[in-house]
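**Student:** Generate coordinates for the sequence data below:
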Amino acid sequence: MTRARWRVVLVLALAGAVESTEASAWQSTLFISLTGTCEMLRIDNKQLDCEPRMMNSNYKDGRTGFYIVSRNGEAYTWSGSNGYKPNENAQVLFVDQFIATRAGKTVRWKAKGVCRYEYPYLGRSTVLSCEASTGKGFAEFRFVHDGSKPTSEELPLTK
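**Tutor:** Model prediction:
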């Protein structure tokens, strides 16, 4: 997938995620992009090939989301706002929403699940994984960050 197409797919996915947040108002959102290997993306027991990069959004209201894009251009988001730190370099996020963007159409489901990830700025490989159950099925991914410095961008967004 070309860089331009990747950005278009993510813009559509982010638009769906922005609509799904219940924050009363926020001014900007931090987006972090990681490169590495998408080892597994499974949606309703169907294995999909995925891009070698992922994004993480961090909203001012505490909500965060993990975005994975399949090779056919579908974007999937695991999102939540609560969790805990099992140690100083790791985080667990409780997922309460799963969002799918396919052919420009975004669908959101209430979900129950978890994401586990490590601080990506350590200069070493880290693992990120999410899983979520919705009333319609089960979705999961496993991504291995290659240890390169993540890129970040703060984007102005308004509700």
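**Student:** what ranges do the helices span in the chain?
**Tutor:** 3-20 (DSSP state H).
**Student:** State the distance from the residue nearest the centre of it to F31.
**Tutor:** Centroid-nearest residue in the chain, with Cα atoms, centre = their mean: F66, separated by 1.3 Å. Distance from F66 to F31, counting by Cβ to Cβ, to the nearest Å: 11 Å. No exception for glycine: its C-beta is placed from N, CA and C like everyone else's.
**Student:** Now the common contact residues for these two.
**Tutor:** Common contacts of F66 and F31 (Cβ atoms under 8 Å, 6 or more residues apart in numbering): 55-56.
**Student:** Name whatever forms a beta bridge with T134.
**Tutor:** A111 (DSSP bridges).
**Student:** What about it, how many residues nearby?
**Tutor:** 19 (other Cβ atoms under 10 Å).
**Student:** Likewise for the one 5 residues further on?
**Tutor:** Close neighbours of A139, defined as other Cβ under 10 Å, add up to 26.
**Student:** got it, and K85?
**Tutor:** 10.
**Student:** Could you check how far it is from K136?
**Tutor:** Taking Cβ to Cβ, one finds K85 at 31 Å from K136.
**Student:** swap in I68?
**Tutor:** On the measure of Cβ to Cβ, I68 and K136 end up 18 Å apart.
**Student:** If you count surrounding residues, which of those two has more?
**Tutor:** Higher neighbour count among I68 and K136: I68, with 27 against 12, using other Cβ under 10 Å.
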